[in-house]
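> Structure, please.
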Amino acid sequence: MSQKRIVFLVNPISGVNQTRKAMLSEIVSSSLNSRHYNWEILYSESAGHLTELSRAAAAECADIIAAVGGDGTLNLVAGGMIGSKSVLAVIPAGSGNGLARHLNIPIDIAESLKIIGKGKKQLIDTLTVNDRLCISIAGVGFDALVAKKFSEETRRGFFSYFKIVTNEYTYYRPRKYRMEIDGRQVVREALFVSFANTNQFGYNTIISPEASISDGLVDVCIVKKVPLWHAPRVVGLLLTRRIDSSGFVEIIRARNVKLSRNKNREVNIDGEPVKLTKDLHIAVNPGSLSVIVP
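All right, here's what the predicted structure looks like:
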């Protein structure tokens, strides 16, 4: 049997799992059968460099391109391999790891490597937000503000994320969003609007419990601002996959969405803030990425 070639692409500064990433070569050597795989590990020098490395690996017909990092890293790696025959392997080493959790990929690096050996592949959908790729979730409003503040933190992790949410929530005012959802006009005042290809932001905070990554649809999650006295109950629903029963979340499934805002602002795309125009077009690209899954 011929060996399969794996290229591991590492964002050395993402996430919280720095010690394990530093031991990656040792972990890979002990987890993968060298008779079946030959592999190399490449470290990016910048965000754009990750996409360049991925594009080069795909052009050189790497069987598997393994992204080692969080959702932002996965986004950049996938951006270089869409349309190729290479398969994406998710090696979670980020902060929230939303895509990995949605796909039930173990957060432990060694355990996630074992999935590669099983070789089960699944075609998943991706999204585009204007011309930007999105793998897991995108959002505007409070969601994007939190992503922007989180990107400025020197220390990543759930507690940094939670601190930002609690500090900003009280003073953030909902905004009006005008949307065209599969041709239907929808106007809502919302704390934020998320476009969910997966069910969560990360950290197992579930925004769209029934979201599917392979149904050809995006879940448009319109979230009202919750009064503080309701917050503990709503947080509980968020963490127990029942947020859609709270009365504060409206979910509409769609293939194409156009959203209009008052001005150019940041959009949360896979956990990273990206400044885009006030008019957004969100489209689903069905079955556009092959991923190794449990």
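> I'd like to know how far Ala59 sits from Ile6.
Distance, Ala59 to Ile6, using C-beta to C-beta, to the nearest Å: 16 Å. Just so you know, the C-beta spots here come from the backbone N, C-alpha and C atoms, and that holds for glycine as well.
> Check Arg132 too.
Arg132 is 27 Å from Ile6, by C-beta to C-beta.
> neighbour count winner among these two?
Counting neighbours by other C-beta atoms under 10 Å for Arg132 and for Ile6 shows that Ile6 has the greater number, 23 against 17.
> Mind listing the residues bridging to that one?
Trp39, Ile64 (DSSP bridges).
> got the contact list for it?
By C-beta atoms under 8 Å, 6 or more residues apart in numbering, the residues touching Ile6 are 32, 37-40, 62-66, 89, 116.
> mind listing the helices for the stretch 101-250 of the chain?
109-118, 142-151, 158-169, 231-239 (DSSP state H, counting those that start in this stretch).
> Pipe those helices into JSON lines and attach mean neighbour count per row.
Formatted as JSON lines, those follow (neighbours: other C-beta atoms under 10 Å):
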{"stretch": "helix 109-118", "mean neighbour count": "17"}
{"stretch": "helix 142-151", "mean neighbour count": "21"}
{"stretch": "helix 158-169", "mean neighbour count": "14"}
{"stretch": "helix 231-239", "mean neighbour count": "15"}
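> And the pLDDT at Tyr161?
On pLDDT, Tyr161 comes in at 79.
> Skipping adjacent residues, who's closest to it in space?
Phe150 (5.8 Å; C-beta to C-beta, 6 or more residues apart in numbering).
> That neighbour reaches Phe162, doesn't it?
No: contact criterion C-beta atoms under 8 Å: Phe150 and Phe162 do not qualify, at 10.4 Å.
> Please parse this structure into its domains.
Domain ranges of the chain: 4-119, 132-286, per automatic domain parsing.
> ok, the closest residue to Ile213 other than its chain neighbours to Asn75 distance?
Using C-beta to C-beta, 6+ apart and skipping residues adjacent in sequence, the residue nearest Ile213 is Ile124, 4.6 Å away. According to C-beta to C-beta, Ile124 and Asn75 sit 13 Å apart.
> same deal with Glu60?
21 Å.
> Quick one: residues contacting the nearest residue to Ala190 once chain neighbours are set aside.
Once flanking residues are discounted, Ala190 sits nearest to Ile222: 5.0 Å by C-beta to C-beta, 6+ apart. Shown in contact with Ile222 (C-beta under 8 Å, 6+ apart): 177, 188, 190, 193, 249-252.
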